[in-house]
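Enquirer: got a predicted model here, sequence first, then my questions.
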Amino acid sequence: MLGMKNSEWRVRQRFGFLAEIIFIGTLVLVTRCANYGDVFFGGQINFIDADCYSRMTRARICFEQPGTIVRRHDFENFPNGISPHTTAPLDYLIVALAIALMPLSKNALDLAGAIVSPLLSIALGIFLCWWTRKMRLRSRWGSLILYGASPMLAHGFALGRPDHQSLLIALITIALCAEWTLTQESSQSWSIVSGASWALALWVSLYEPSVLLLIVVAFRARGMVKRERRVGWIVFAAILAIAFIVERRIPVWPSREFGGALRNWSTTVGELAHVPLASTIWFNWCGWLLLLVPIVFWPKWNRNTPLFLIALLMAAFALTIWQARWSYFFVMIFAMLVPEILSVLRKPLIATTIFIIALFPIAQAWDHLFSDEELMRRAENKIEQRELRAMSSQIDGAFIAPWWFSPALSYWSRQPGVGGSAHESIGGIVETAEVFETWDAEEAKQILDRDKVKWIVSYDADRVAQNSAQTLGKPVPQNAFCYLLDRRASEVPPFLRLIAQTGHFKLFRVEKS
């Protein structure tokens, strides 16, 4: 009889776990794919950020030439190219997924790029369901729901966003879960998971993982040198050694010549912008539960929260104020700490009620994404994407275009652009801005000849002028080249010939002297 009860209990546990996975998986899928109409339209697959097209150009090179490690980008900052900060792991994750999708799609590579981040998010969600059960965290459901519902995490894993940040978030989250587990038990297995996750994260990017790992080591110094951690450190060192052998390069920071321009340009990039301390966007990301964070700082109320996680939350908060790109890690760390916050409330009914009420700002944020104003903006963006893609088919050589359009044009046309979306491309971004802001046709011609440019793509003059002025740190005159190209195409110099135009763009061919 006892054996039957135990068997029934295990069956119920398994069904409960399966139901939980289905619920969280569905929530993750809905939120990550809320932008479906912005990715799949016009019979094509489109990506939502300029960086995504650079990533997909890398993935296409690896897909068409298996075994290639992309150590230089000749398709941006033309003709000099760049040594990029992006690395091979995500390239080949996309390629592997594309190979698996080939029997199902004629455009397997683009489809793989579109769905790789949501798939990573679903996989991480399943892991968190299992790990929070294993750790027997009270109110663990709060962590899982916030992970699935937060608009910021949804953006990090969004459909049509094959960006290294999605892989970073997944790897760092697994590493932090391993570290939390190791504070409660000695385990070589979790040591290996920790070492492998940190090393792979560092392979993907040296920036955020280095900062977070240093904080963890600083607050877990004694735990890091225990005997059971040795095998983890061996795995960590082995993976990093493989990474250096494979990549065989160190990303090059732009020269001091462009230091001022780089600082100016960074203010035009959303993920590099500051997040004001008093902004309501914090609640849009985390809900009102953020107001209860002081609970984890008070030992009398909460004695189980690992100190390193509290330190990480504070550091990620400060870094997000400095650069918005840290917000993914801040929200993820906060989501991990939600069970610790809710557990202090003791009674499940009170904790559940407060949590549901705290989700109100998140619901408002999602509602705003489907407001009439936002839908109009997205519809306008889709029109621009269609026009730009159609125009790209005529480009058969190096081109100059506003830098935020350059990666997409390069991907579609398979031609190099002078601009780019990476900070390493700042030289080409500056030259692009100089062409658009100059009033001297001869000066523009010299830049075009020096960079061997065959095509110019013009766009809304006001926006181009504003961005060029911010990048160069000086006002753009009313008779600048960007206004001439956009509004007075019939008056362009003889070395330019208008080839095509749409509602938003004009394409000029640079005639040889």
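Expert: Structure received. All figures in this text were calculated on a predicted structure; none of them were measured in a lab. Numbers count the residues shown, from 1 in each chain.
Enquirer: am I right that residue 110 sits in a helix?
Expert: Yes: counting by DSSP: H, G, I helix; E, B strand; the rest coil, one finds residue 110 located in a helix.
Enquirer: I figured it hits residue 53, correct?
Expert: No: Residue 110 is beyond contact range of residue 53, at 10.6 Å (criterion: CB atoms under 8 Å). The way it works is simple: take the backbone N, C-alpha and C, and place the C-beta from them, glycine included.
Enquirer: between these two, what contacts are shared?
Expert: The contact sets of residue 110 and residue 53 do not overlap (CB atoms under 8 Å, 6 or more residues apart in numbering).
Enquirer: next up, identify which helix or strand residue 284 is on.
Expert: Element membership for residue 284 (DSSP states H and E) is helix 281-286.
Enquirer: quick one: list the elements packing against that helix.
Expert: helix 151-156, helix 327-343, helix 360-369 (3 or more CB pairs under 8 Å, 6 or more residues apart in numbering; DSSP states H and E).
Enquirer: tell me the mean pLDDT over it?
Expert: For helix 281-286, mean pLDDT rounds to 96.
Enquirer: ok, stretch 33-40 next?
Expert: pLDDT averaged over stretch 33-40 gives 95.
Enquirer: returning to that earlier point: pull the residues that contact the helix holding residue 284.
Expert: 146, 150-152, 275, 290, 327, 330-331, 334, 361-362, 364-365.
Enquirer: what about 6 Å?
Expert: Helix 281-286 has contacts (CB atoms under 6 Å, 6 or more residues apart in numbering) with 150, 152, 290, 331, 334, 361, 365.
Enquirer: what's the spacing between the second one and residue 414?
Expert: It stands for residue 152. 34 Å (CB to CB, to the nearest Å).
Enquirer: what about these two, which has more around it?
Expert: Higher neighbour count among residue 152 and residue 414: residue 152, with 20 against 13, using other CB atoms under 10 Å.
Enquirer: can you map out the strands along the stretch 401-513 of the chain?
Expert: Applying DSSP state E, counting those that start in this stretch to the stretch 401-513 of the chain gives strands spanning 455-458, 496-501, 506-510.
Enquirer: for residue 98, what are its contacts?
Expert: Residue 98 neighbours (CB under 6 Å, 6+ apart): 63, 108-109, 112.
Enquirer: can you redo the helices and strands packed on helix 281-286 as JSON lines with distance to residue 84?
Expert: Below are the helices and strands packed on helix 281-286 laid out as JSON lines (distance: least, CB to CB, whole Å):
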{"stretch": "helix 151-156", "distance to residue 84": "20"}
{"stretch": "helix 327-343", "distance to residue 84": "20"}
{"stretch": "helix 360-369", "distance to residue 84": "31"}
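Enquirer: tabulate the ones you listed (TSV), appending mean pLDDT and distance to residue 74.
Expert: Shown next, in TSV, are those (pLDDT from 0 to 100; distance: least, CB to CB, whole Å):
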stretch	mean pLDDT	distance to residue 74
helix 151-156	96	29
helix 327-343	93	30
helix 360-369	94	37
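Enquirer: show me the contacts for residue 444.
Expert: 435, 438, 481.
Enquirer: most neighbours of all these, which one?
Expert: residue 481 (28 neighbours).
Enquirer: inside helices: which ones of the contacts of residue 444?
Expert: Applying DSSP state H to those, the entries found in helices are 435, 481.
Enquirer: can you list the contacts of residue 444 in TSV and add pLDDT and distance to residue 319?
Expert: Below are those laid out as TSV (pLDDT from 0 to 100; distance: CB to CB, whole Å):
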residue	pLDDT	distance to residue 319
435	93	35
438	91	38
481	92	39
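Enquirer: ok, the contacts of residue 444 vs residue 401, which is closest?
Expert: Distance to residue 401, by CB to CB, is smallest for residue 435 among the contacts of residue 444, at 10.2 Å.
Enquirer: wait, isn't the closest one in contact with residue 449?
Expert: No: in this structure, residue 435 is not within contact of residue 449 by CB atoms under 6 Å, at 11.5 Å.
Enquirer: any idea how many residues pack against the residue nearest to residue 127 when sequence neighbours are not counted?
Expert: Nearest residue to residue 127 in three dimensions, chain neighbours excluded: residue 174, at 6.5 Å (CB to CB, 6 or more residues apart in numbering). Residues lying near residue 174 (other CB under 10 Å) number 22.
Enquirer: could I get the phi/psi values of residue 287?
Expert: Backbone geometry at residue 287, expressed as degrees, to the nearest 10, gives phi 80, psi 180.
Enquirer: pull the contacting residues for it.
Expert: Counted by CB under 6 Å, 6+ apart, residue 287 has contacts 358-359, 361-362.
Enquirer: let me see the contact set for the spatially closest residue to it that is not a sequence neighbour.
Expert: In this structure, residue 287 finds its nearest non-sequential neighbour in residue 358, 4.2 Å apart by CB to CB, 6+ apart. Going by CB under 6 Å, 6+ apart, residue 358 touches 287-289.
Enquirer: how about these in JSON lines, adding distance to residue 464?
Expert: As requested, those are exported to JSON lines (distance: CB to CB, whole Å):
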{"residue": "287", "distance to residue 464": "39"}
{"residue": "288", "distance to residue 464": "41"}
{"residue": "289", "distance to residue 464": "42"}
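Enquirer: any idea which of these is closest to residue 471?
Expert: residue 287 (36.6 Å).
Enquirer: just want the angle from the lengthiest helix in the chain to helix 360-369.
Expert: In the chain, with assignment by DSSP H, the single longest helix is helix 2-32. For helix 2-32 against helix 360-369, the angle by axes from the mean of the first three to the mean of the last three CA atoms, to 10 degrees is 40 degrees.
Enquirer: packing partners for helix 2-32?
Expert: With contacts defined as 3 or more CB pairs under 6 Å, 6 or more residues apart in numbering; DSSP states H and E, the packing partners of helix 2-32 are helix 108-134, helix 140-149.
Enquirer: could you rerun that using 10 Å?
Expert: helix 108-134, helix 140-149, helix 151-156 (3 or more CB pairs under 10 Å, 6 or more residues apart in numbering; DSSP states H and E).
Enquirer: hmm, who's touching the helix or strand just after it?
Expert: Moving toward the C-terminus from helix 2-32, the next helix or strand (DSSP H and E) is helix 36-39. For helix 36-39, contacts defined as CB atoms under 10 Å, 6 or more residues apart in numbering pick out 30, 33, 45-48, 110, 113-115, 158-161, 375, 378-379, 381-382, 385.
Enquirer: rerun at 6 Å
Expert: 46, 114, 159-160, 378.
Enquirer: that one: which residues count as buried?
Expert: Within helix 36-39, the residues that qualify as buried are 38-39, counting by 16 or more other CB atoms under 10 Å.
Enquirer: which strands and helices lie in contact with the next helix or strand after that helix?
Expert: For helix 36-39, the succeeding helix or strand toward the C-terminus, using DSSP H and E, is strand 40-41. Here strand 40-41 touches no other helix or strand, going by 3+ CB pairs under 6 Å, 6+ apart.
Enquirer: just how off-centre is stretch 63-78 within its chain?
Expert: 20 Å (CA atoms, centre = their mean, to the nearest Å).
Enquirer: can you give me the buried ones in it?
Expert: In stretch 63-78, counting by 16+ other CB under 10 Å, buried: 63, 70, 73, 75-78.
Enquirer: any idea of the mean pLDDT for stretch 399-417?
Expert: pLDDT averaged over stretch 399-417 gives 96.
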